[in-house]
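**Q** Give me a model of this one.
(2 chains)
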Amino acid sequence: MTVATAEVFDPARDPLQLRRRGVLVSLAVLLVVAGIAASAIGAVPIAPSHILAALAQSIGIDTGVRLEPFETAVLFSIRLPRVLLGTGVGAILGVSGASLQALFRNPLADPSLIGVSGGAAVGAVGWIVLGTAVPLWMHATFAMPLVSFVTGLIATAAIYAIGRVQARTDTATLLLAGLAINALTTAVIGYLTYLGNDAQLRALTFWLLGGLGGATWPQIWPVLIAMGVAVAALIALARSYDGFALGESAAGHIGIAVENVRRITVAAVALGVGASVALTGVIGFVGLVAPHLLRLVGGASHRFVLPGSALLGALLVVLADLLSRTLVAPAELPIGIVTSALGAPFFIWLLRIRLGGVRS
Amino acid sequence: MTGGLCARGVTVRFGRHEILSGVDIDVMPGEVTAVIGPNGAGKSTLLKVLAGDIVPQSGSVTLNGKPLSQWTAEERAIQRAVLPQTPELGFSFRAWDVVTLGRHPHRQRASRANNSRTVREAMTATDVAHFSPRECGTLSGGELHRVHYARTLAQLWDPLPDGRARILLLDEPTSSLDLFHQHAIMAKARQIAQSGAGVLAILHDLNLAAAYADQLLLLANGRVVAAGTPRDVLTAKLVTRVWRVPCNVSASRDGQIQISVLPHRNFQNAAE
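**A** Residues are numbered from 1 along each chain as shown, chains lettered A, B, ... in the order given. This is a model prediction of the structure:
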């Protein structure tokens, strides 16, 4: 017989729940601080107090702080769109990583590793090279994200079909499927590069380097809306993802509409990642790192991991972008290099843990 | 009689192999039904058909008078729970969180306090309440199995207000458990049957089946060989023929059947 301990588990006073709340609040605060820092630092330094004053003035609150016109110009037309784009891109990459991991029941899923980003990149590159055949009025800001969404969707669906052997995916199958898809997308992108003329090649190189630079309001708002919708749709599935941990059939047994969850996940990830890749290129490892760190500090509950991944992903990308434009100023490093330099060692560490059979 | 889970003429083929051939089974409220049979008899496939995971090539399954496919996933989950043979867990959740998943279909029908109380009671019933804050990765196989059993109990804890029968499907619930917990789990299954639920359990231990089941269904090669009370089904002749082991069947004074397998150097020859 087991000796029952006197203390009864009380979910209303769950220490883990309190810690989760603390982590989410801290991440939100850090994101705001990072956003202000990223708006302040650059060739034209802007004092944080001036940033807050400018933001207050833009919604009609006069703080009495005298702002230089060029300060507000730099803030509103260069820094702010860049920070917002970074926030959106980081949020969707973090949430997509966490959602794919939940769907595959595999903590090594990441949009860039398993080929979702590569699939979206094919669309973007295809648009740059072949899009000139399309009438100019269609070259609005919607077209490229839309094409990336479609090719990203095809890639995601393909990976899901390949990786899901008998309703469950093992790590090897998933990574090999990603490897195959990535090889295929690299081949297609290579061929498209070969087809391109000089002007297209310049545009292509510029895009392939990736980055948040040159973001303008008309470019980013449709993309931000798409990302917002995708992030919201994925976070809304948090409870269902918890059930998915039991396996797909057991998830069905507790009343989860498994097929719907699958479809929404694949579509939302493709939409969000497609939109982000179209504007910023492939930014790797954010979707891998963010959910992992969150699970380490607060456990696997997706009602914590998903919003947390959105916040941490956003924080990581805003900081990585800040690094990419300050490390070698006045030049800029492609942001993908920064995230990969930090993310790849993390990934190797994870692989070692998993192959060693130690729980993470 | 429309309550319960009823299958008629269920036939399942994988490729050219016929796994189940025209199987009839009723899981009736208030009863424990045990499915027994040698390896490869089709027991787990039958459970998957009853759970709705496999759609049979022919035959029908009705849950409380309505074809299984006509219930939504959530309505189905309110009426029946499934304990798989080897429960999966993708990430390391705490035991409490896993059992709480059993309340998923009830999250909008019952208050949060009510759901928490049910989770606690179900965990107490399978002797895992003291594991509540533990990560499942730190539990042993048998302990984890009892956590999942608590999850299925939590899913069906209260009788449904409209009187529909609750059905509990257990795929080899005792195989990873020690002697004490084997009996504890079957006793709990009996108890929930007495509260009006129908229980189906796949069992390998014939004595356990004889002790706790009201009805037995003996499957071999995808066909029903015998169905009825333990006393009718578990005859020495039938057990010896189907499992190819010589045995004695005795009944104690209170009618409890006891099967003892006779040790023999060569089972196969002895059965012939």
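
**Q** what comes up buried for the host helix or strand of A:Gln200?
**A** Following DSSP states H and E, the helix or strand that holds A:Gln200 is helix A:198-209. The neighbour-count check on helix A:198-209 (16 or more other Cβ atoms under 10 Å in any protein chain shown) flags A:200, A:203-204, A:207-208 as buried. C-beta: built from backbone N, CA, C; applies to glycine.

**Q** do stretch A:77-93 as well
**A** A:78-93.

**Q** For the stretch 101-250 of chain A, which residues are neighbours of chain B?
**A** A:102, A:105-107, A:168, A:239, A:242-247, A:249-250 (Cβ under 8 Å from any Cβ of the partner chain).

**Q** Pull out the buried residues from those residues.
**A** Applying 16+ other Cβ under 10 Å to those flags A:102, A:105-107, A:168, A:242-247, A:249-250 as buried.

**Q** Turn these into a markdown table, columns for pLDDT.
**A** Formatted as a markdown table, those follow (pLDDT from 0 to 100):
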| residue | pLDDT |
| --- | --- |
| A:Ala102 | 93 |
| A:Arg105 | 85 |
| A:Asn106 | 82 |
| A:Pro107 | 83 |
| A:Arg168 | 53 |
| A:Asp242 | 95 |
| A:Gly243 | 95 |
| A:Phe244 | 92 |
| A:Ala245 | 92 |
| A:Leu246 | 93 |
| A:Gly247 | 88 |
| A:Ser249 | 88 |
| A:Ala250 | 93 |
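
**Q** Save those as TSV, and put in secondary structure too.
**A** Shown next, in TSV, are those (DSSP: H, G, I helix; E, B strand; the rest coil):
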residue	secondary structure
A:Ala102	helix
A:Arg105	coil
A:Asn106	coil
A:Pro107	coil
A:Arg168	strand
A:Asp242	helix
A:Gly243	helix
A:Phe244	helix
A:Ala245	coil
A:Leu246	coil
A:Gly247	coil
A:Ser249	helix
A:Ala250	helix
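
**Q** Just flag the most distant two among those.
**A** A:Pro107 and A:Ser249 (20.9 Å; Cβ to Cβ).

**Q** host element of B:Val23?
**A** Here B:Val23 is assigned to strand B:17-27, by DSSP H and E.

**Q** rewinding a little: out of the buried residues of helix A:198-209, flag the one nearest to chain B.
**A** Relative to chain B, the closest of those is A:Leu208; by Cβ to the nearest Cβ it sits at 34.9 Å.

**Q** burial measure for the residue nearest to that closest one when sequence neighbours are not counted, as a count.
**A** Once flanking residues are discounted, A:Leu208 sits nearest to A:Gly281: 6.2 Å by Cβ to Cβ, 6 or more residues apart in numbering or on different chains. By other Cβ atoms under 10 Å in any protein chain shown, 21 other residues sit near A:Gly281.

**Q** so how far is A:Thr193 from the residue in the stretch 251-360 of chain A that chain B sits nearest to?
**A** The stretch 251-360 of chain A approaches chain B most closely through A:Gly255 (3.0 Å), counting by Cβ to the nearest Cβ. Per Cβ to Cβ, to the nearest Å, A:Gly255 is found 49 Å from A:Thr193.

**Q** Neighbour count: those two, which is higher?
**A** A:Gly255 (21 against 16).

**Q** my read is the more buried one is in a helix, agree?
**A** No. Looking at A:Gly255 with three-state DSSP, it is coil, so not inside a helix.

**Q** Quick check, it in contact with B:Arg76.
**A** Yes. A:Gly255 is within contact range of B:Arg76, at 7.0 Å (criterion: Cβ atoms under 8 Å).

**Q** I'd guessed A:Ala120 sits against A:Leu271; true?
**A** No. A:Ala120 is beyond contact range of A:Leu271, at 9.8 Å (criterion: Cβ under 8 Å).

**Q** More neighbours: which of those two?
**A** A:Ala120 (36 against 26).

**Q** for the more buried one, phi and psi?
**A** phi -60, psi -40 (degrees, to the nearest 10).

**Q** Report pLDDT for it.
**A** What the model reports as pLDDT for A:Ala120 is 91.

**Q** show me the contacts for it.
**A** For A:Ala120, the contact set (Cβ atoms under 8 Å, 6 or more residues apart in numbering or on different chains) comprises A:148-149, A:151-152, A:155, A:270, A:273-274, A:277-278.

**Q** got those residues as CSV, with pLDDT, secondary structure and neighbour count columns?
**A** What follows is these, written out as CSV (pLDDT from 0 to 100; DSSP: H, G, I helix; E, B strand; the rest coil; neighbours: other Cβ atoms under 10 Å in any protein chain shown):
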residue, pLDDT, secondary structure, neighbour count
A:Ser148, 87, helix, 29
A:Phe149, 87, helix, 24
A:Thr151, 91, helix, 25
A:Gly152, 89, helix, 34
A:Ala155, 90, helix, 29
A:Ala270, 90, helix, 26
A:Val273, 92, helix, 34
A:Gly274, 89, helix, 34
A:Val277, 89, helix, 32
A:Ala278, 86, helix, 28
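
**Q** Could you measure from the nearest residue to A:Ala157 once chain neighbours are set aside over to A:Asn260?
**A** Spatial nearest neighbour of A:Ala157, excluding adjacent residues (Cβ to Cβ, 6+ apart): A:Val266 at 5.8 Å. According to Cβ to Cβ, A:Val266 stands 11 Å off from A:Asn260.

**Q** quick one, which of these two is more surrounded?
**A** It is A:Val266, of A:Val266 and A:Asn260, that has more neighbours when counted by other Cβ under 10 Å, with 20 against 12.

**Q** can you tell me the helix or strand for the more buried one?
**A** Short version, using DSSP H and E: A:Val266 is in helix A:258-280.

**Q** Just the CA trace of that helix, in PDB.
**A** What follows is helix A:258-280, C-alpha atoms only, in PDB (Å, rounded to 0.1, in the frame of the first residue of the first chain):
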ATOM      1  CA  VAL A 258      -8.100  15.800 -34.900                       C
ATOM      2  CA  GLU A 259      -8.500  16.400 -38.700                       C
ATOM      3  CA  ASN A 260      -9.500  20.100 -38.200                       C
ATOM      4  CA  VAL A 261      -6.600  20.700 -35.800                       C
ATOM      5  CA  ARG A 262      -4.200  19.300 -38.500                       C
ATOM      6  CA  ARG A 263      -5.700  21.300 -41.300                       C
ATOM      7  CA  ILE A 264      -5.700  24.600 -39.400                       C
ATOM      8  CA  THR A 265      -2.100  24.100 -38.200                       C
ATOM      9  CA  VAL A 266      -0.800  23.400 -41.700                       C
ATOM     10  CA  ALA A 267      -2.700  26.300 -43.200                       C
ATOM     11  CA  ALA A 268      -1.800  28.800 -40.400                       C
ATOM     12  CA  VAL A 269       1.900  27.900 -40.300                       C
ATOM     13  CA  ALA A 270       2.100  28.100 -44.100                       C
ATOM     14  CA  LEU A 271       0.300  31.500 -44.100                       C
ATOM     15  CA  GLY A 272       2.400  33.000 -41.300                       C
ATOM     16  CA  VAL A 273       5.800  31.600 -42.400                       C
ATOM     17  CA  GLY A 274       5.000  32.400 -46.100                       C
ATOM     18  CA  ALA A 275       4.300  36.000 -45.200                       C
ATOM     19  CA  SER A 276       7.400  36.300 -43.100                       C
ATOM     20  CA  VAL A 277       9.700  34.600 -45.600                       C
ATOM     21  CA  ALA A 278       8.400  36.700 -48.500                       C
ATOM     22  CA  LEU A 279       9.500  39.900 -46.700                       C
ATOM     23  CA  THR A 280      12.500  38.900 -44.700                       C
END
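
**Q** if we can go back for a sec, can you list residues touching both of A:Ala120 and A:Leu271?
**A** Listed as contacting both A:Ala120 and A:Leu271 by Cβ under 8 Å, 6+ apart are A:149, A:152.

**Q** hey, which helix or strand in chain B has the poorest pLDDT?
**A** helix B:267-271 (a mean of 52; mean pLDDT, DSSP states H and E).

**Q** Could you pull out the helices in chain B for me?
**A** B:43-51, B:73-79, B:95-101, B:112-125, B:141-155, B:179-194, B:206-212, B:230-233, B:236-243, B:267-271 (DSSP state H).
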